[in-house]
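Participant: Quick one: sequence and predicted model below, then my questions.
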Amino acid sequence: MNNAAFLEPSSMTAFFAALSRRAFLSMSLRATAGGLLASILAPIREAFAGSNTAPRYFRRIVTRDNRASAMIEWQTDTALSEPRFFWREAEGKAEKTADVDVKYFALDGRSVFVYRATLSGLRPGKQIECRVEAAERNAGSFSFRTDDGGAVQALIFPDSQCENNYDTWARVSGEASARCPDAALWVNMGDLVDNGASFYHWDGWQSATDAALGGRAFAPVPGNHECYSEDWKLCRPDAFLSLFATPDNGSTKYQRYYYSFDYGPVHFSVVNTQKEELDALAPGLFAEQAAWLARDLKATKSQWRVALLHRDLIDYDQKPITRDPFVETLVPILEQNGVDAVLTAHAHAYRRRRLSAWKQAKSGVLYILTGNAGNCFYDVEKHEIDEIAFPDNFLNYLTMEADETKLTFRCFLPNGILKDFATLRKH
Ligand SMILES: [Fe+2]
Ligand SMILES: [Fe+2]
């Protein structure tokens, strides 16, 4: 059997999605050598060799109020019969049930069933034990701790997209997770995967993330790579929207494109910065989001306001580099509505700035371009707004620690060496 025949079940488009965008563009310009084709197809063969029928990828997605509610998701390849969800506080309390919502999700020639249970009426700071039953079997268990509303530690990961496989992401996230067993929240800053329409990439990301994530609340930020089709054209981020039931944002047309949530003393606003990719595909999204962002920031009573944006202030793809035109429109909204810190990604490099209206300012908003947690490295120049600019080619993760008086971000190498930190204080 030749390699092309092996791809039949999922069509040749899966082959393109398994390439990086750069490799795809490069291949468009020259004939493909047989050896390159064989090496590219190896991971695809592995991904399509048999399907896993056991429930997997149990995870907890952030809700607006993580003290009182939780969203639990999991997946199977074949449908569970009459799945039932049970939960209880660990201290010998009676079990309660939650409704299970099931969605059939097809992508790239593969399909999965995505299950969701929404838990409400929880109490702050409680250990919650969950289990799933179905007609066929005891279908799995999961546990987590609700937000107690007090001091919190979070793990923050820059772009995790990987070419070929997700070993790099597994290493960075695994080491960070092991060093921070008490981190209650996990943030991915967008470009979770290299190709957002590829089952192969999502399965690689999910299997690498699964063990390290555990019962932490997960907040995914949408990135531009979630908006690429299998043949690297622009598309709506359907897989991202299907895989992560993020909190209701009040929109009638654009649920899950942007959202906000509270954890501990911090309010997080997750902004979709993919205007370049989605402006034509999602008409009205960005005007709607801008109005929402101002309202959302004004409404919060949390001690700290943190905005999570995939794209950075600077567009490093332009030569000479320039301000990102869409993020530039967000800066006044953020700065005039009391944001304390803005985290960005996309450039796969680490930068730290304190700015007010684009000028360095000691009491300005803290802007951190968060770095790289995958295996794609780019050349990124230093910019005049940067206070800290490291050489580009290192892997890293961040921690955020917040209480009522301090908000601290630390940048670590995967081996735990501290590279940088910044603290904001309030009385
Ligand atoms: Fe990106
Ligand atoms: Fe990226």
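Facilitator: The structure has been received and is ready for your questions. Numbering: from 1, shown residues only. Ligands and ions are numbered 1, 2, ... in the order given.
Participant: quick one: the nearest residue in space to His225 that is not next to it in sequence and Arg305, what's the gap?
Facilitator: Closest residue in space to His225, ignoring its immediate chain neighbours: Asp191 at 4.3 Å, by Cβ to Cβ, 6 or more residues apart in numbering. C-beta here means a position set from N, CA and C on the backbone, and glycine is covered the same way. Distance, Asp191 to Arg305, using Cβ to Cβ, to the nearest Å: 24 Å.
Participant: For stretch 253-265, list the C-alpha coordinates in PDB.
Facilitator: The C-alpha trace of stretch 253-265 is given here as PDB (Å, rounded to 0.1, in the frame of the first residue of the first chain):
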ATOM      1  CA  LYS A 253     -24.000  35.500  17.000                       C
ATOM      2  CA  TYR A 254     -20.500  35.100  18.400                       C
ATOM      3  CA  GLN A 255     -20.600  32.900  21.500                       C
ATOM      4  CA  ARG A 256     -17.200  31.500  22.500                       C
ATOM      5  CA  TYR A 257     -15.300  34.000  20.200                       C
ATOM      6  CA  TYR A 258     -14.500  36.100  23.300                       C
ATOM      7  CA  TYR A 259     -15.500  35.900  27.000                       C
ATOM      8  CA  SER A 260     -14.600  36.900  30.500                       C
ATOM      9  CA  PHE A 261     -14.300  35.200  33.900                       C
ATOM     10  CA  ASP A 262     -13.200  35.700  37.500                       C
ATOM     11  CA  TYR A 263     -10.700  33.700  39.400                       C
ATOM     12  CA  GLY A 264      -9.600  34.700  42.900                       C
ATOM     13  CA  PRO A 265      -9.200  38.500  43.000                       C
END
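Participant: The closest residue to ligand 1 within the stretch 251-400 of the chain - how many residues pack around it?
Facilitator: For the stretch 251-400 of the chain, the residue closest to ligand 1 is His346, as judged by Cβ to the ion, at 3.7 Å. By other Cβ atoms under 10 Å, 28 other residues sit near His346.
Participant: cool, Leu192 as well?
Facilitator: 31.
Participant: Next up, the contacts around it.
Facilitator: Taking Cβ atoms under 8 Å, 6 or more residues apart in numbering as the criterion, Leu192 is in contact with Ser160, Gln161, Trp205, Pro220, Gly223, His225, Glu226, Phe240.
Participant: Which one (most neighbours) among the residues you listed?
Facilitator: Ranking the contacts of Leu192 using other Cβ under 10 Å puts Ser160 first, with 31 neighbours.
Participant: And the pLDDT for Leu413?
Facilitator: At Leu413, the pLDDT value in this model is 97.
Participant: From Leu107, how far out is it?
Facilitator: Distance from Leu413 to Leu107, by Cβ to Cβ: 34 Å.
Participant: And those two? Which one has more around it.
Facilitator: For Leu413 versus Leu107, the count of surrounding residues by other Cβ under 10 Å is larger for Leu107: 23 against 15.
Participant: Pretty sure the more buried one sits against Phe199.
Facilitator: Yes: counting by Cβ atoms under 8 Å, Leu107 does reach Phe199; the two are 4.8 Å apart.
Participant: Contact residues of the chain facing ligand 1?
Facilitator: Proximity of the chain to ligand 1, by Cβ under 5 Å from the ion, involves residues Asp191, Gly223, Asn224, His346.
Participant: Out of those, which is nearest to ligand 2?
Facilitator: Here the nearest of the residues of the chain next to ligand 1 to ligand 2, counting by Cβ to the ion, is Asp191; it sits at 3.3 Å.
Participant: neighbours of that closest one, just the number please.
Facilitator: Asp191, neighbours per other Cβ under 10 Å, totals 26.
Participant: does it sit in a helix, a strand or a coil?
Facilitator: coil (DSSP: H, G, I helix; E, B strand; the rest coil).
Participant: Let me know the pLDDT of it.
Facilitator: 98.
Participant: What strand or helix carries Ala347?
Facilitator: Here Ala347, judged by DSSP states H and E, is contained in no helix and no strand.
Participant: And for Tyr200?
Facilitator: helix 199-213.
Participant: got it, and Lys419?
Facilitator: Lys419 belongs to strand 418-425 when assigned by DSSP H and E.
Participant: partners of that strand in the sheet?
Facilitator: Sheet pairing of strand 418-425 (DSSP bridges) gives strand 406-412 (antiparallel).
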